[in-house]
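K.L.:
Could you look at this predicted model? Sequence included:
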Amino acid sequence: MRKEIIAAITAAAATLSISAATPGDVMMRGYRVSQGSNTPAAVKSIGLEIDSISFRKDLTRVYGKITGPHNRSAQIDKIELRSGTNKYESNDIDGFDYQRAFQWEEDGSIPVEIDFPAIASRPSLFTIIAATPKGTCMWSVAKRR
C-alpha cells in the first residue's frame, strides 16, 4: 500500500511539472517603487507594487500588484524593464492580458507575475515602463538597503 501511494505521488508530481529551484536561482525581496515624475496625468492612477523578484537562469519573474481605481478599467500593451543601457521586454504576464482592457476589483489591485528574459546582473536600481493607449507609466525601482 505504501509503495502504491509513493508511486501515485511521484506520477502526479511528474504530470504537474513541479520544478524545484536550481542552484543559482535567487529570490529577492525589499524593493521600493516610486512613480516617475514624467508619467502623464492620464495614467498616474496606475501603480506598481513589487513583492519579490526571482532571478533564474531561464527568466526573471517580478511578483507584485498593478494598482488603480477600483471598478475602473485600463489597458497595458507592453512592459519593459530598463537597467543601465539594457532593455528587457516582458514576454509574459499573469493577471491580465496585454493589449486588452482589464478592470480592477473592489480593492483596486490585480496580482501579477511579469516574466522577462533572464537578467544575470540582479540590478539594485532599475526602471519599469508600461505602455498604455493613454501614455507611458514609469516606475523607478530600488532595492532597500
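P.N.:
Great, that's in hand. None of these values were measured; they are calculated from a predicted model.
K.L.:
how many other residues sit next to residue 130?
P.N.:
Counted with other Cβ atoms under 10 Å, the neighbours of residue 130 add up to 23. All C-beta spots, glycine's among them, are computed from the backbone N, C-alpha and C.
K.L.:
Once you drop chain neighbours, what's closest to it?
P.N.:
residue 137 (4.3 Å; Cβ to Cβ, 6 or more residues apart in numbering).
K.L.:
Enumerate every residue touching residue 112.
P.N.:
Residue 112 sits next to 62-66, 93-96 when contact means Cβ atoms under 8 Å, 6 or more residues apart in numbering.
K.L.:
Which pLDDT value goes with it?
P.N.:
For residue 112, the model assigns a pLDDT of 96.
K.L.:
hang on, it is in a strand, isn't it?
P.N.:
Yes: according to DSSP: H, G, I helix; E, B strand; the rest coil, residue 112 belongs to a strand.
K.L.:
hey, what's it bridged with?
P.N.:
residue 64 (DSSP bridges).
K.L.:
Report the contact partners of residue 34.
P.N.:
139-140, 142.
K.L.:
tally of neighbours for the closest residue to residue 78 other than its chain neighbours?
P.N.:
Once flanking residues are discounted, residue 78 sits nearest to residue 131: 5.0 Å by Cβ to Cβ, 6+ apart. A count of neighbours around residue 131, defined by other Cβ under 10 Å, yields 17.
K.L.:
How much space separates residue 131 from residue 54?
P.N.:
As for residue 131, its distance to residue 54 is 24 Å (criterion: Cβ to Cβ, to the nearest Å).
K.L.:
same question, residue 129
P.N.:
Distance from residue 129 to residue 54, by Cβ to Cβ: 20 Å.
K.L.:
What pLDDT does the model give residue 86?
P.N.:
Value for residue 86, per-residue pLDDT: 93.
K.L.:
And the pLDDT at the closest residue to residue 109 other than its chain neighbours?
P.N.:
Excluding the flanking residues, the one nearest residue 109 by Cβ to Cβ, 6+ apart is residue 65, at 4.4 Å. For residue 65, the pLDDT comes out at 95.
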